[in-house]
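K.L.:
this one's structure only:
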């Protein structure tokens, strides 16, 4: 093991200080974990807005990041549990496959973009384009989200305890959106839909998974695709 | 890309450190744009006009500048800093420009006003900061830019900040799509342009709006209606500091505020060395929302 990697004797948690250790050492260590290994707890200190912290995880590791991160933290995560004790820059958990990413602060634009699975929890607010092109990821935002969120969302769930900005769910496919507060405007082909018992059950499960206990599923409204845009309408053939 | 930074001090105790703090912020943003870099520092106003000049041949243009100004009847002090020189004078800026046209036609005016000094060159932020001694400069507020050129050539004049009015300057991350048309309209209104750069048009637009009596905040509100394209702007005036992003807001921006300062960075990385950042209110400026602070209004 590299000398710059400190070991805590009792917990065997590996600590990476990004003020003194190159980022690549952290990410290489995360990628080098052998199947069945049990030394899977990592702590990252002094991230100081670094880009690409803990990207490409493909084993069930636990990473605690003590501070704020820059672009693409926990990108492509497949099975890891990453907690950022701070805020995250653009593209946090982009293209997540599975696992859990928790942001204790705010997230910048396109959080959880193109995610295929796993759970992204943002305890503060998320900026524009949250969950853009989501393909199966579940995203729970305790605060509010910015404009153009869930644009072209294909599947998965976006749950927002606060408000949503302009053009929510524009050109939406089959992602399901639940918003508890106000929606500034809906995007093209996104409509409010009836909240059926199965949706309340689904939402209760998502809230529980995200550790939300003080909010009830029936406080939310459901939004989804009107399905008028994503199949080609033969009556429009003349336009092409 | 492009990286932009800004720092507006509320606490006078930090003023001697402005150059140092802003230099570190800008150098941290180097990987967002390595073509050219620039910084504007608002220092103490002492009743004289400061004119920042730039020359491609400083060895020819600057050594006799002092004496030649005197010979032309203009009382001024000249401080030479590499390719730039700062002329401090009680004379009118128009007299300085007339002198330059006659005596130093290749020297460019980077900016002028009661307090602003502007330094910009092709090269990395660390080199630009070092050649102009920015670290040693004190001041009340300042803005900086490191450029990845998209809309015009990599030249000294194409570097930011752009200054188109007394004590006004602007840095820009993004690209404007209606700058050619707007430039024509502003030329008709009497504005002059040094480059084909889109950001210079934004600066001139704000100058023209403020000349009509608007304050910086109102001029920035106008920019949201009249400028088309992508932009995050950070703008300085003699006593003010403003930030605005276009409605799409794809160009990044992070702000931090404490009792001591308001800071702007393209990324949070630019802010991590500021004093007390751990306890600062840190937020992402909202799309199509004008933020501005003014020393005179705060006082």
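P.N.:
Right, received. Where do you want to start? Everything quoted here is computed from the prediction, not taken from an experiment.

K.L.:
what does chain A put close to chain B?
P.N.:
Listed as neighbours of chain B in chain A under the rule C-beta under 8 Å from any C-beta of the partner chain: A:48-50, A:68, A:70-71, A:87, A:89-90, A:106, A:108-109, A:127-128, A:146-147. Every residue, glycine included, has its C-beta placed from N, CA and C.

K.L.:
let me see the ranges of the helices in chain B.
P.N.:
Applying DSSP state H to chain B gives helices spanning B:18-28, B:58-61, B:65-71, B:93-103, B:125-131, B:179-188, B:198-211, B:216-226, B:295-298.

K.L.:
interface residues of the stretch 151-299 of chain B facing chain A?
P.N.:
B:247-250, B:252, B:254, B:267-272, B:282-284, B:286-287.

K.L.:
now the buried members of those residues.
P.N.:
B:248-250, B:252, B:254, B:267-272, B:282-284, B:286-287 (16 or more other C-beta atoms under 10 Å in any protein chain shown).

K.L.:
what's the farthest-apart pair in those?
P.N.:
Within these, two members stand farthest from each other by C-beta to C-beta: B:248 and B:272, at 27.2 Å.

K.L.:
which of the buried ones among the residues of the stretch 151-299 of chain B next to chain A fall in strands?
P.N.:
B:254, B:282-283 (DSSP state E).

K.L.:
just for chain A, where's the confidence low?
P.N.:
Chain A contains residues with pLDDT under 70 at A:1-11.

K.L.:
give the other helices and strands that the longest helix along it contacts.
P.N.:
Secondary structure of chain A per DSSP H: the longest helix is helix A:197-209. Under the contact criterion of 3 or more C-beta pairs under 8 Å, 6 or more residues apart in numbering or on different chains; DSSP states H and E, helix A:197-209 touches strand A:135-141, strand A:155-160, strand A:176-179.

K.L.:
follow-up on the earlier one: dump the helices of chain B into CSV; add mean pLDDT, distance to residue A:228 and mean neighbour count as well.
P.N.:
Below are those laid out as CSV (pLDDT from 0 to 100; distance: least, C-beta to C-beta, whole Å; neighbours: other C-beta atoms under 10 Å in any protein chain shown):
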stretch, mean pLDDT, distance to residue A:228, mean neighbour count
helix B:18-28, 98, 48, 23
helix B:58-61, 96, 65, 15
helix B:65-71, 96, 70, 16
helix B:93-103, 95, 61, 15
helix B:125-131, 97, 51, 20
helix B:179-188, 97, 37, 15
helix B:198-211, 96, 38, 24
helix B:216-226, 96, 32, 18
helix B:295-298, 72, 51, 12
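
K.L.:
let's have the ones you listed in a markdown table, adding distance to residue A:205.
P.N.:
What follows is the helices of chain B, written out as a markdown table (distance: least, C-beta to C-beta, whole Å):
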| stretch | distance to residue A:205 |
| --- | --- |
| helix B:18-28 | 43 |
| helix B:58-61 | 70 |
| helix B:65-71 | 75 |
| helix B:93-103 | 69 |
| helix B:125-131 | 50 |
| helix B:179-188 | 51 |
| helix B:198-211 | 49 |
| helix B:216-226 | 42 |
| helix B:295-298 | 50 |
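
K.L.:
domain parsing for chain B?
P.N.:
B:3-45+B:121-298, B:50-113 (automatic domain parsing).

K.L.:
now distance to residue A:217 too, for those domains, in TSV please.
P.N.:
Below are the domains of chain B laid out as TSV (distance: least, C-beta to C-beta, whole Å):
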stretch	distance to residue A:217
domain B:3-45+B:121-298	29
domain B:50-113	58
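
K.L.:
which stretches of the stretch 101-250 of chain B have low pLDDT?
P.N.:
Applying pLDDT under 70 to the stretch 101-250 of chain B flags no residue at all.

K.L.:
repeat the analysis, applying 90 as the threshold.
P.N.:
For the stretch 101-250 of chain B, residues meeting the criterion pLDDT under 90 lie at B:149-153, B:194.

K.L.:
which single residue in it comes nearest to chain A?
P.N.:
residue B:249 (5.8 Å; C-beta to the nearest C-beta).

K.L.:
mind listing what that residue touches?
P.N.:
A:109, A:127-128, A:146-147, B:232, B:286-288 (C-beta atoms under 8 Å, 6 or more residues apart in numbering or on different chains).

K.L.:
and it, how far is that from residue B:285?
P.N.:
8 Å (C-beta to C-beta, to the nearest Å).

K.L.:
which residues are common contacts for these two?
P.N.:
In contact with both residue B:249 and residue B:285: residue B:232, using C-beta under 8 Å, 6+ apart.

K.L.:
mind checking pLDDT for the residue nearest to residue B:91 when sequence neighbours are not counted?
P.N.:
In space, and not counting its chain neighbours, residue B:91 is closest to residue B:74: 4.8 Å by C-beta to C-beta, 6 or more residues apart in numbering or on different chains. In this model, residue B:74 is scored at 95, pLDDT.

K.L.:
quick check: residue B:74 touching residue B:90?
P.N.:
No: applying C-beta atoms under 8 Å as the test, residue B:74 and residue B:90 come out as separate, 9.2 Å apart.

K.L.:
who has more neighbours, these two?
P.N.:
residue B:74 (17 against 10; other C-beta atoms under 10 Å in any protein chain shown).

K.L.:
what sits against the more buried one?
P.N.:
Contacts of residue B:74 by C-beta under 8 Å, 6+ apart are B:89, B:91, B:95-96, B:99.

K.L.:
give me the neighbour count for residue B:110.
P.N.:
There are 28 residues near residue B:110, going by other C-beta under 10 Å.

K.L.:
thinking it is in contact with residue B:54, fair?
P.N.:
Yes: with contact defined as C-beta under 8 Å, residue B:110 reaches residue B:54; the gap is 5.1 Å.

K.L.:
mutual contacts of the two, please.
P.N.:
B:84, B:120.

K.L.:
and chain A, what are its domain boundaries?
P.N.:
Using automatic domain parsing, chain A is parsed into the domains A:7-106, A:125-228.

K.L.:
so which of those domains is nearest residue B:173?
P.N.:
For residue B:173, the closest of the domains of chain A is domain A:7-106, at 13.4 Å, according to C-beta to C-beta.

K.L.:
what about that closest one, distance to the chain center?
P.N.:
14 Å (C-alpha atoms, centre = their mean, to the nearest Å).

K.L.:
for stretch B:228-241, same thing?
P.N.:
9 Å.

K.L.:
gap between the two ends of that stretch?
P.N.:
22 Å (C-alpha to C-alpha, to the nearest Å).

K.L.:
can you pull the contacts of the residue in chain A that chain B sits nearest to?
P.N.:
In chain A, no residue comes nearer to chain B than residue A:49, which is 3.6 Å away by C-beta to the nearest C-beta. Going by C-beta under 8 Å, 6+ apart, residue A:49 touches A:68-70, A:89, B:267-272.

K.L.:
for these, which one is nearest residue B:105?
P.N.:
residue B:270 (38.3 Å).

K.L.:
pLDDT score for that closest one?
P.N.:
98.
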